[in-house]
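Enquirer: Here is a sequence with its predicted model. Questions after.
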Number of protein chains: 2
Amino acid sequence: MQYEEIMANLSGELRRGTLILSVLSQLELQEYGYSLIHKLNEKGMNADSNTLYPLLRRLETQGLLQSEIKMIQDKPRKYYSRTKLGNEVYFKLVKEWKQMNEVIENLIKGDIK
Amino acid sequence: MQYEEIMANLSGELRRGTLILSVLSQLELQEYGYSLIHKLNEKGMNADSNTLYPLLRRLETQGLLQSEIKMIQDKPRKYYSRTKLGNEVYFKLVKEWKQMNEVIENLIKGDIK
């Protein structure tokens, strides 16, 4: 395997776990798919529709998100936002992310330039 | 799905991506499987042999780790350490982890207690 391929795989794994946290973070208020992607990209978290749309459906099935169809210029648009359970899970994940970061910072201490 | 099960899944995904970074961080000098698990757990990164041993073999196959068998009290012990490529990948991952953290901190701003 080439260096570029290895790096792409490992970076991907590193990012994947934080995507759910990122998505939940932006859904306190309703967003539809495209506006959510735009918000995430704008803030530096790359996300495309192929990854995001199945994730939104999965989080809705799990009860973390709720959706509402609204007609915008005669076209249906699906808006997502966090449920009460989604809020609980989100704040728990934020806490875990913070704890995990402290662990990693400790592990790589001295290796950060 | 129950809340506990959902949380366990999501926390797992969050941690999985950082395990490789954690493992590479501890292998500037040689460690064998058990001593590596001990070091990681001691610093707060949970890792068990079922996850770690296949990962060490995978990273060796990819050329990021090298191994050496040493006889310790008449028993063979496999010691791992980072290769030159492993060093490059590790420092690149540290950098990416840092950048990703800045993005996430920005996304969850105000939600950290």
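Expert: That came in fine, so what should we check first? Numbering: from 1, shown residues only, chains lettered A, B, ... in the order given.
Enquirer: My guess is residue A:69 contacts residue A:76. True?
Expert: Yes. Applying CB atoms under 8 Å, one finds residue A:69 in contact with residue A:76, separated by 5.0 Å. The C-beta positions use only the backbone N, C-alpha and C, and glycine is treated the same way.
Enquirer: for chain A, where's the lowest mean pLDDT among helices and strands?
Expert: helix A:3-25 (a mean of 89; mean pLDDT, DSSP states H and E).
Enquirer: so after it, what's the next helix or strand?
Expert: Next helix or strand after helix A:3-25 toward the C-terminus (DSSP states H and E): strand A:31-32.
Enquirer: quick one: is that following strand near chain B?
Expert: No. Using CB under 8 Å from any CB of the partner chain, strand A:31-32 never reaches chain B; the gap is at least 13.0 Å.
Enquirer: by contact count, what packs against that strand?
Expert: Applying 3 or more CB pairs under 8 Å, 6 or more residues apart in numbering or on different chains; DSSP states H and E, we find strand A:31-32 packed against strand A:75-82.
Enquirer: For the strand it packs on, C-alpha coordinates in CSV please.
Expert: What follows is strand A:75-82, C-alpha atoms only, in CSV (Å, rounded to 0.1, in the frame of the first residue of the first chain):
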residue,chain,number,x,y,z
LYS,A,75,-40.9,21.0,-3.1
PRO,A,76,-40.8,18.8,0.0
ARG,A,77,-37.8,19.3,2.2
LYS,A,78,-36.9,17.1,5.2
TYR,A,79,-35.8,19.0,8.3
TYR,A,80,-33.9,17.2,11.1
SER,A,81,-33.4,18.2,14.7
ARG,A,82,-32.3,16.5,17.9
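Enquirer: For it, buried residues please.
Expert: The neighbour-count check on strand A:75-82 (16 or more other CB atoms under 10 Å in any protein chain shown) flags A:79, A:80, A:81, A:82 as buried.
Enquirer: Now do that strand: which elements does it pack against?
Expert: strand A:31-32, helix A:33-42, helix A:49-61, strand A:65-72.
Enquirer: Among these, which comes closest to residue B:105?
Expert: Closest to residue B:105 of the helices and strands packed on strand A:75-82 is helix A:33-42 (CB to CB; 14.3 Å).
Enquirer: Can you list the buried residues in that closest one?
Expert: A:36, A:37, A:39, A:40.
Enquirer: Quickly name whichever of those is closest to residue A:86.
Expert: Closest to residue A:86, out of all of the buried residues of helix A:33-42 and judged by CB to CB, is residue A:36, at 13.9 Å.
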